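**Q** this one's structure only:
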């Protein structure tokens, strides 16, 4: 059964059809939520909340990109989580960097040496901490563009804003993340350390 048929069946109350849609998109939605939130438990909660919301709302889905519609619900669930976090802000960089290595998505590449994996994981941890310092709208836009690989039009559809707003948010997010990485210095693996000169040399 193709996606359109599954959606149509789910809209008629077929739970099995909806569960098949969940299976098709659960990795993508969790990975997106994890990268936005930087916490495995929060990402799992946001993903679960998003699928529950999608199930309740699927009768109102009127065509177009189901993926964009679903990811909009996921990003809204992440916004909700971030609002809770703002009431208990993390100010310590050390706290930002403390993550459970088993809770996030796996980024192991085929044929990768253990030391290469460890180095990338170390870099990824600092980048994730930097993402965690961004305002919610910039954070979500950056993750959608630079980690998930969506284009401007797709991001505009997912976040329900104009193309100009997407470009502006992404530009500001990249600049803030670059400044964060420059400021970390010794926390970055040596070959990835940025300086003010390299940061401005593009």
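**A** Good, I have the coordinates. If you're wondering where the values come from, they're calculated on a predicted model, not measured in any experiment.

**Q** Let's check: the centremost residue of the protein is which one?
**A** A centroid search over the chain (C-alpha atoms, centre = their mean) returns residue 32, at 3.2 Å, as the residue closest to the centre.

**Q** That one contacts residue 148, correct?
**A** Yes. Using C-beta atoms under 8 Å, residue 32 is in contact with residue 148, at 5.9 Å. Glycine gets a C-beta too; all of them are placed from N, C-alpha and C.

**Q** Residue 159 reaches residue 74, doesn't it?
**A** No. If you go by C-beta under 8 Å, residue 159 and residue 74 don't touch, sitting 11.0 Å apart.

**Q** which one of those two has more residues nearby?
**A** residue 74 (26 against 22; other C-beta atoms under 10 Å).

**Q** Identify the residue spatially nearest to the more buried one, adjacent ones excluded.
**A** For residue 74, the nearest residue in space outside its immediate sequence neighbours is residue 50; the separation is 4.3 Å by C-beta to C-beta, 6 or more residues apart in numbering.

**Q** May I have the secondary structure class of that neighbour?
**A** helix (DSSP: H, G, I helix; E, B strand; the rest coil).

**Q** domains in this structure, as residue ranges please.
**A** The chain resolves into domains spanning 1-89, 106-202 when parsed by automatic domain parsing.

**Q** Quickly, which of those domains bottoms out on average pLDDT?
**A** When the domains of the chain are compared on mean pLDDT, domain 106-202 scores lowest, with a mean of 79.

**Q** quick revisit: quick one: the residue nearest to residue 74 and residue 63, what's the gap?
**A** Counting by C-beta to C-beta, to the nearest Å, the gap from residue 50 to residue 63 is 20 Å.

**Q** Those two: who's more crowded?
**A** residue 50 (25 against 8).

**Q** Verify the contact between residue 133 and residue 181 for me.
**A** No. Look at residue 133 against residue 181 with C-beta under 8 Å: they stay out of range, at 10.7 Å.
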